[in-house]
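>>> Sequence and predicted model, in that order:
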Amino acid sequence: MNRKTLTSILLILIIGLGAQIAFAAPYTQTIQLKSGWNSVFLEVKPDSPEPETVFASLGDNLTSVWAWNPQSSTVEFVKSPSEYVEDDPQLLYYIPSAPIRNLHAIHGNKAYLINMSADATLTVTGERLVPNIKWKPNSFNLVGFHLNTANAPIYSSFFAGTPAHEDQDMYRLDNASSTWVPVNVSDDMQAGEALWVYSKGSSEFNGPVTMQLERSDSLAFGDLLSTQDVLFRNNSPANKTIKLSLVGTADWLYYWSLDIDNQTGEWLPFPPIDDLVISENETKNLRLGVKRAGIVGLKNDVDVKVTIKGSGETYSEYQVPVSVEGIDTTGLWVGTASINKVSEVRINETPVPTGSDMSFRLLLHVGTDGVKILNQVIQMWDEDVGKPVLFTDDSLVSDYSGVTQRNGKLVGRRISAPAFGNFYEDTTRVNEKAMLISNGGFAQNNGELTVTIDLPADDPTNPFVHRYHPDHGVPDAETPEDKKFAITREITMTFQDKDSDGNPLFGVTGLGWGSSDMGGVYKEKITGLHQKTIYIEGTFSLHKVSKINQLTQASLP
């Protein structure tokens with residue numbers, strides 16, 4: 001595989017993932033600093049990372065800021081912070097009065113040593129982060145933990161059951177003496193405080209319960225994802241309780257509730273009523289989902305608050321940013337029309353139920369120039385612009401590269417809707433594979449699409465043109481039984497949640513209904529096929545399969 005081909009495939013994958021950026025509800029962390037040395041842990045990602053901006057609230061009381069550099073050599077011992085010097089490779093520094101510095105940005109989930117000339121209050125506003133410590137093995141690490149400010153645990157219970165840290169050396173900073181002193185394991189931990197903690201071997205410890213997200217440190221659903229799994233693992237030798245709540249309002253956020261006894265499940269509004277109880281060394285999965293119906297634009301001012309408790313203590317507390325992009329109907333939709341009612345031409349025009357359903361594929365493209373019904377669509381890769389394209393004209397295949405492997409070669413993807421033949425406009429053939437739907441709107445419970453498809457008598461796809469059937473002949477034949485007839489199909493697709501009998505449509509309870517999945521009632525009035533008009537009726541469902549909002553085809557109407 002050449003590099004150009006590999007690049008094309010990677011770009012397709014990147015585009016398919018959708019947006020992954022999440023912006024949390026703003027949070028301000030407040031830390032009381034004393035004159036002298038302070039060891040602090042920032043839980044938030046500052047809005048602006050420049051040291052001058054982050055520490056602006058300290059004014060002239062700030063003397064210096066230091067950060068441990070884990071890329072340096074292993075830390076074998078700890079010492080008084082007053083001995084720090086600018087050329088120490090284990091430390092990065094920022095001194096407001098000094099023209100040179102090597103600490104250029106302040107990050108969240110990091111520990112900092114701050115030297116003050118007087119007492120002051122540090123306030124940092126930004127995005128609250130999920131615990132994520134990158135431990136340096138067989139070394140002391142300057143770290144902090146996401147703790148509840150009112151009911152923090154004691155050191156011994158917090159680190160219980162972790163071989164890398166339990167019974168290992170830990171030091172906290174004594175502000176009065178400006179020295180590192182051994183931790184008393186029976187003391188309460190302090191929110192916002194950073195410690196030197198030794199890691200015996202490698203470690204993934206972030207607290208008694210570890211939360212693992214599918215995508216880094218947020219729940220970013222973008223404009224494509226409907227569900228994400230959150231994994232909780234109890235690292236401690238005792239049961240833990242996890243309480244989940246919302247910071248902000250999100251009536252579009254759901255969780256999957258499973259009834260194990262009855263082997264049933266359903267999506268319920270978040271947060272769960274009951275707390276999540278995790279036994280010793282147990283792992284539990286929580287599936288979250290979003291319903292985009294009714295959402296317009298980006299929703300990104302909501303956090304999921306995670307509080308971990310056990311035996312009267314609150315071990316950890318943090319917030320997870322949640323974001324979702326609202327409905328965007330533009331793109332390619334593929335679905336099915338299921339016909340279950342047909343009129344009896346000798347009785348009346350009202351469709352009556354059939355013995356079985358007849359189904360056929362629907363292809364619709366919603367673009368900046370309107371909605372089109374398609375006979376086929378082809379997806380390929382445009383190397384000139386580095387993105388996939390959609391078109392309906394077979395003659396364009398040679399202009400593009402493939403997007404999927406078949407028998408060792410890159411080829412395009414083709415989807416066909418055989419129930420729709422060539423398209424005409426005033427008996428003149430337009431683009432053969434696509435026709436503009438000029439009437440109606442594309443929206444669940446607020447839209448209706450109507451289109452009239454004329455099929456001339458001499459079109460190859462007209463059912464009267466059948467070279468092997470004795471009842472079919474040529475258009476200018478004198479005998480009526482040899483004539484061909486033009487056919488007209490008047491199609492109406494009404495978007496709604498129920499069929500014409502009031503029964504809920506399949507999928508209406510799903511998360512994607514109204515956004516990535518839509519449906520409703522399908523009706524057709526057919527003239528020319530029989531001496532009397534035929535009426536058919538059923539349901540239709542559509543699923544969005546591509547975000548590409550333009551068909552690459554100059555000849556389209």
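That came through, no problem.

>>> Report whether the expected contact of V377 with V389 is present.
No - with contact defined as Cβ atoms under 8 Å, V377 and V389 do not form a contacting pair (10.5 Å). (C-beta placed from N, C-alpha, C; glycine too.)

>>> Pick out whichever of these two has more residues nearby.
Neighbours were tallied for V377 and for V389 using other Cβ atoms under 10 Å; the higher tally belongs to V377 (25 against 21).

>>> Mind listing what's buried along stretch 507-527?
Applying a neighbour-count criterion of 16 or more other Cβ atoms under 10 Å, one finds 508, 511-526 buried in stretch 507-527.

>>> swap in stretch 336-351?
336-343, 351.

>>> got it, and stretch 41-61?
Buried residues in stretch 41-61, counted by 16+ other Cβ under 10 Å: 41-46, 51, 54-55, 57-58, 61.

>>> so how far does it reach from one end to the other?
End-to-end distance of stretch 41-61 (Cα to Cα, to the nearest Å): 19 Å.

>>> for stretch 149-164, same thing?
Across stretch 149-164, first to last residue, Cα to Cα, it's 26 Å.

>>> what comes into contact with that stretch?
135, 145, 147, 165-166, 170, 183-192, 199-203, 205, 207-208, 235-238, 280, 310-311, 313-315 (Cβ atoms under 8 Å, 6 or more residues apart in numbering).

>>> switch to 7 Å and redo it
Stretch 149-164 has contacts (Cβ atoms under 7 Å, 6 or more residues apart in numbering) with 165-166, 170, 183, 185-191, 199-201, 203, 205, 208, 235-237, 313-315.

>>> So how do I select the buried members of those in ChimeraX?
A single ChimeraX command selects the buried members of these (16+ other Cβ under 10 Å):
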select :165,166,170,183,189,190,191,199,200,203,205,208,235,236,313,314,315
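
>>> Just list the residues touching A434, thanks.
372, 374, 392, 423, 551, 556.

>>> Strands - which of those residues land there?
372, 374 (DSSP state E).

>>> Could you dump the contacts of A434 into JSON lines with distance to Q212, pLDDT and neighbour count added?
Shown next, in JSON lines, are those (distance: Cβ to Cβ, whole Å; pLDDT from 0 to 100; neighbours: other Cβ atoms under 10 Å):
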{"residue": "K372", "distance to Q212": "43", "pLDDT": "90", "neighbour count": "24"}
{"residue": "L374", "distance to Q212": "42", "pLDDT": "91", "neighbour count": "25"}
{"residue": "T392", "distance to Q212": "44", "pLDDT": "89", "neighbour count": "23"}
{"residue": "F423", "distance to Q212": "51", "pLDDT": "81", "neighbour count": "22"}
{"residue": "L551", "distance to Q212": "41", "pLDDT": "89", "neighbour count": "22"}
{"residue": "L556", "distance to Q212": "47", "pLDDT": "43", "neighbour count": "21"}
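
>>> from the contacts of A434, which is closest to L363?
Among those, L374 lies closest to L363 (Cβ to Cβ), at 3.9 Å.

>>> How much space separates the closest one from S401?
22 Å (Cβ to Cβ, to the nearest Å).

>>> pLDDT weak spots in the stretch 1-150 of the chain?
Applying pLDDT under 70 to the stretch 1-150 of the chain flags residues 1-25, 72-73, 75-78, 86.

>>> Tell me where it has strands.
Along the stretch 1-150 of the chain, the stretches classed as strands by DSSP state E, counting those that start in this stretch are 27-33, 36-42, 44-46, 62-68, 91-94, 110-116, 120-128, 139-144.

>>> show me where the stretch 101-250 of the chain has helices.
155-158 (DSSP state H, counting those that start in this stretch).

>>> on that earlier part again, and the buried residues of stretch 336-351, which two are the farthest apart?
T336 and S343 (21.5 Å).

>>> So for the residue lying closest to L410 once chain neighbours are set aside, what's the pLDDT?
In space, and not counting its chain neighbours, L410 is closest to G402: 3.2 Å by Cβ to Cβ, 6 or more residues apart in numbering. G402 is assigned 89 on the pLDDT scale.

>>> Please apply the same query to D482.
In this model, D482 carries a pLDDT of 54.

>>> and if you look at the one 5 residues further on?
Looking at I487, its pLDDT stands at 91.

>>> what's the burial count for the residue nearest to it when sequence neighbours are not counted?
Leaving aside its sequence neighbours, I487 sits nearest to G528 (Cβ to Cβ, 6+ apart; 4.0 Å). Neighbourhood size, G528 [other Cβ under 10 Å]: 19.

>>> and G528, how far is that from N462?
On the measure of Cβ to Cβ, G528 and N462 end up 9 Å apart.

>>> shared neighbours of the two, anything?
What both G528 and N462 touch, as defined by Cβ under 7 Å, 6+ apart, is the set I487.

>>> How is the protein partitioned into domains?
27-199, 210-325, 331-546 (automatic domain parsing).

>>> quick one: buried residues of stretch 363-379?
363-367, 371-379.
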